[in-house]
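J.: build me a model from this:
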Amino acid sequence: MTFDLRLVAYSPFGGRLGVLPHPLSVEAGWPLNDVPSLKVAGTTAAVGANLLDQPCEIAVQWSVDGQVWTEAPDSRFLRIKRRGDGSNLTGLTTFDLPGFVWMLRKIVLYPGSAPLVDGKRPFLAATAGAILQTFIAEAKSRGAVPGLNWDFTPTHDSAGQTWNKILTIYYQPGMDALTALQNLAEQGVCDYRVSGRTIQAFNAETAMNRDLASGSAPVDLRYGRDIAEAPDDGTLEDVASSVLIVGDNGLVKTLDNPAAVQPWGPWEQYIGAGGVSDEGTAILLADSALERAGSERVQRTRGIVLYGARSLPLKDYRPGDRVLAPGDGGALESLRVRQVSLARNSTGVVGGSLVLNDRFLEREIRLARRTAGIVGGSTADGGSGARPVPAPEAPEPRTPAAPQGLIVNPIAYLDEHGFPRGQVTVTWGAVTSDVGGVALAVGGYELFMRLNQVGTPWFLVASTEAGDTTATYSPLVVGESYAFKVRAVNLGKLGPFSSQVAVTIPTDATPPPVPTAPQLATRLGVIHVTWDGRGTGNVPMPSDFARLLVWMQNPLAPGWSVIDSMAAAGTVVVPGQPYGADRQFRFTSVDRAGNESAPSSSATIATAALVDTDVIGEVIDGAHLVDGSITASDKVVANSITGGLIQALAIQTGHLAANAVTADKIQAGQIQAGHIGANQVTAAKLESVLTLATRVVAGNASGARVELNSTGLVAFNASGQQTVSIAAASGAVSIVGQLASGVTGARVVVNPAGATNPEIRFIPGSGTNQSRIYSDGSRFTGEATLIMESGTNQGNTALCRLTHAAGFWQAAILNPSNGEQRGGFVSAVENQASIGWAHPTQQDQYLVFDPSGTFHRGTWQLGGPDGGLIMLEVTIDRGAGTYHQVNFGWTMLSTPSVVWSAQKPFGAGVGPAPADVYIHSRTSSSLFFFTGDAAADVLTFSIWAWRAA
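T.: Down below sits the predicted model:
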């Protein structure tokens, strides 16, 4: 089988021109999710060289028989750059050709018909297919790139699968389509390639992540047959065992990874996280950084043999596929092909190399993508966040429209104790108009959340400034479902909510690393199984590592079973196995979420006999032991007679001298429950103090259980997560999960299952109507806000919430369905207090008290709904006139009754007003006064105006 390459020329967006038969050299590279490249060198005198005189397309084709030629994906290139030297008589010319996908650089985004947001074009709740199709289709409608095609849609990828991710993103007009596509790929939204002249896009890590490393006929690249050389480039430059992350609003967080490589002791790393004020988000960023910095980073390059190889690039595997190839130490591992490079010289010999990433580095790529998503890379840039001061006597603020394009991205992370928690990054489209469609600059947004259950109350979890359409929130309970909605705020006017979006917080689905292989030894008639505490490739175990499971099977009667577990590096003893019979061992690792790794490599050993095999099996009873013939001093080697050498009932009580069998003559684990008669161990036979050497387990040894061990008393749930701990050293008690004073009826529940925050819940009896107390750290940055909340009324229309914060106190009646105020309230801050009544759709009625005075908002009622009261003082200049108008500044419901007084306020004429001043007429918004004297005087009017129905 002869593998070869050839170059075929096509006219731009046109038909086949011919084959380039004699290039001096060809070098091509096919990277994953990047622009392929082709370099061609030739002379102007070569046959077919004229095909490259003009811009054209070059297809790289492969063949194994010289008859059938195939153009693989990403194998169409553009002849747009050349280099030559006219003084060179050979006419040597080189051509650098980018892959066809490079043409997307020549498609730019136009503003479009919809209004721009901060100068950017919004894509709200859009798929990668919708975004890319918009770029390409609009360009083609303008006459650009007429021969460029695509085979995805806004709803389905190129494989016909529904797009599994949506995003709300803003692009600056003028951005090119290639930049947008590469950004989407880097964020883990899609993978892409080109088939001929057709752009193809797929859900990330699906169609372009074929697993060719498993199954009955894997693609296995081996030394000597497929692989000629295997250089690895490793570096410890990025290693760190501690990371300091500094966010906004005083957020400072430090996380450590004691399992990180530390040849020179701890190394530290810093992350500046501008815009991050949520603690869970900070933990996610720090955790991602620590995982990438926990050990040496390695790039694996493999030189490939193309003559006699079993598997060939482009034919049998492509960039993105996972194959078996030599990894660390030369052992075959499942590695992903990140790039294929091939070269053909002037004699027609083809060679090449692969760039491979193992599972560890693939995880680093996913962590980097997750980090980019956490910090809100898919949102518009915000402004300074300052709100303009409203002009005096501003009109009633307009109601902003409801936000569109709400997207909630949930992920799981591990807190500083290694327990799984949930976090959401919420994004929505900017609101640029009011409910009537008139342009409007809103002041900010409010994000609400609740448990996705009927009747549960909504809670305000985040407020953002005008230009910020992204919010994060944590911690949340993994596996729980939550609903979210957002609204815009304009000068205190609350807009309608967006549509709700419900998501379930994913559980941690990533298993721990595969453990290193067991290390086996046998002595004293038992097997010792040892683990070094590391994962394959010497990687550390993550912070959520829970335990190592020890598996054993008889190779002659296969059937693996768990025989023990370890919480850290150590050794377990396996007794009771027959001498000379092989036993096979392997490990798996389990995390606190119950994820289990693939099995480690196995190891086999047989228990070695303590004495000559001719003696094993003989019965030693009273007839075989002469009184005094075996003494402790010189006849028996210490610990040489064990339970495995003595048949049941062979040595009876009468054959043993009193106190002859002591603790040091009995091997650990040799006296089992089946060897002890019922009621034979009594209190008189036990010491007053028992020392525990291992553990006592009630339940499943590796699952749900209560365990007494050397550290104290602990309990685990079915997933192996520790839920209760009573420390023997300090007496400290730790409980993870719910603590209740009862199961039914009136009771108190601490940290109830499914609660957003740790809380105390008071349940008066049956039903779901409950009151609660909890602390919320998201209300005011850096502060702990204590909240007491009643149950709802019988009509489920009201509840009472009492909020205690360092500089804020409020008691208010709320709507249980959305958390809005809809009743009386009393509130106080450091420099202000207020009392009144509030409602989302009706005029508020309240009094505000501060050092400058008292302010009233609402309507004064004296005799009915048409009542009202105005108190004001107005100074006017008569200006030698007789008729004067005084405006209230407000419009009453109808013409009011008026009481007034007037005086001359300053100057030489201070004193009473002229006697002929009287009201001439009045309206609902002003008064007209008449004075018979037309002298130019200044008058001050003190006015009470009221309207009583």
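J.: and residue 525, how far from residue 304?
T.: Shown here: residue 525 relative to residue 304, a distance of 51 Å by C-beta to C-beta, to the nearest Å. Backbone N, C-alpha and C define where each C-beta goes, glycine included.
J.: and stretch 534-543, end to end?
T.: For stretch 534-543, the first and last residues are 13 Å from each other (C-alpha to C-alpha, to the nearest Å).
J.: I figured residue 551 hits residue 562, correct?
T.: Yes - with contacts defined as C-beta atoms under 8 Å, residue 551 counts as touching residue 562 at a distance of 5.8 Å.
J.: in terms of neighbours, single out the busier of the two.
T.: Each of residue 551 and residue 562 had its neighbours counted (other C-beta atoms under 10 Å), and the higher figure belongs to residue 551 (19 against 14).
J.: and that one, what are its bridge partners?
T.: residue 562, residue 586 (DSSP bridges).
J.: for it, what are its contacts?
T.: Residue 551 is in contact with 560, 561, 562, 563, 585, 586, 587, 588, 599, counting by C-beta atoms under 8 Å, 6 or more residues apart in numbering.
J.: try 10 Å this time
T.: Contacts of residue 551 were listed using C-beta atoms under 10 Å, 6 or more residues apart in numbering, and they are 518, 529, 560-564, 584-588, 599-600, 602.
J.: likewise for residue 932?
T.: When contacts are counted by C-beta under 10 Å, 6+ apart, residue 932 touches 882, 914, 915, 916, 917, 918.
J.: with residue 749 instead?
T.: Listed by C-beta under 10 Å, 6+ apart, the contact partners of residue 749 are 738-742, 755, 759-763, 770, 772.
J.: mind checking which helix or strand it is in?
T.: Here residue 749 sits within strand 747-750, counting by DSSP states H and E.
J.: only alpha carbons, please: show that strand as CSV.
T.: Coordinates of each C-alpha in strand 747-750 appear next as CSV, following Å, rounded to 0.1, in the frame of the first residue of the first chain:
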residue,chain,number,x,y,z
ARG,A,747,-41.2,20.8,63.7
VAL,A,748,-38.1,22.8,63.1
VAL,A,749,-35.8,21.9,60.1
VAL,A,750,-32.3,23.3,59.8
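J.: so what strands line up beside the helix or strand following that strand?
T.: Scanning the chain past strand 747-750 towards its C-terminal end, the next helix or strand to appear is strand 759-763 (assignment: DSSP H and E). Partner strands and pairing direction for strand 759-763 (DSSP bridges) are strand 747-750 (antiparallel), strand 771-776 (antiparallel).
J.: ok, which of those strands comes nearest residue 46?
T.: Each of the strands paired with strand 759-763 was scored for nearness to residue 46 using C-beta to C-beta, and the closest is strand 771-776 (75.9 Å).
J.: got JSON lines for the contacts of residue 749, with pLDDT too?
T.: Listed next are these as JSON lines, based on pLDDT from 0 to 100:
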{"residue": "738", "pLDDT": "75"}
{"residue": "739", "pLDDT": "78"}
{"residue": "740", "pLDDT": "77"}
{"residue": "741", "pLDDT": "77"}
{"residue": "742", "pLDDT": "74"}
{"residue": "755", "pLDDT": "70"}
{"residue": "759", "pLDDT": "85"}
{"residue": "760", "pLDDT": "89"}
{"residue": "761", "pLDDT": "83"}
{"residue": "762", "pLDDT": "86"}
{"residue": "763", "pLDDT": "82"}
{"residue": "770", "pLDDT": "83"}
{"residue": "772", "pLDDT": "86"}
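J.: just the buried members of the residues you listed?
T.: In terms of neighbour count (16 or more other C-beta atoms under 10 Å), the buried residues within the contacts of residue 749 are 755, 759, 760, 761, 762, 763, 770, 772.
J.: nearest to residue 895 among those residues?
T.: When these are ranked by distance to residue 895 (C-beta to C-beta), residue 772 comes first, at 51.9 Å.
J.: in the sheet, who's paired with the closest one?
T.: The partner residues for residue 772, given DSSP bridges, come to residue 761, residue 789.
J.: dig out what residue 901 forms beta bridges with.
T.: According to DSSP bridges, residue 942 are recorded as the beta-bridge partners of residue 901.
J.: count of neighbours near it?
T.: A count of neighbours around residue 901, defined by other C-beta under 10 Å, yields 13.
J.: buried ones among the contacts of residue 551?
T.: Neighbour-count burial (16+ other C-beta under 10 Å) applied to the contacts of residue 551 gives 518, 529, 560, 563, 584, 585, 586, 587, 588, 600, 602.
J.: identify, from the residues you listed, the entry nearest to residue 138.
T.: Of all the buried ones among the contacts of residue 551, the one with the least separation from residue 138 (C-beta to C-beta) is residue 588, at 52.7 Å.
J.: quick check, pLDDT for the closest one.
T.: On the pLDDT scale, residue 588 is placed at 95.
J.: just to check, it is in contact with residue 598?
T.: Yes - with contact defined as C-beta atoms under 10 Å, residue 588 reaches residue 598; the gap is 7.3 Å.
J.: so after the top strand by length along the chain, what's the next helix or strand?
T.: Using DSSP state E, we find that the single longest strand of the chain is strand 332-344. Per DSSP H and E, the first helix or strand lying C-terminal to strand 332-344 is strand 350-357.
J.: between that next one and strand 332-344, how big is the angle?
T.: Orientation note: strand 350-357 sits at an angle of 140 degrees relative to strand 332-344 (axes from the mean of the first three to the mean of the last three C-alpha atoms, to 10 degrees).
J.: partners of strand 350-357 in the sheet?
T.: Partner strands and pairing direction for strand 350-357 (DSSP bridges) are strand 297-304 (antiparallel), strand 332-344 (antiparallel).
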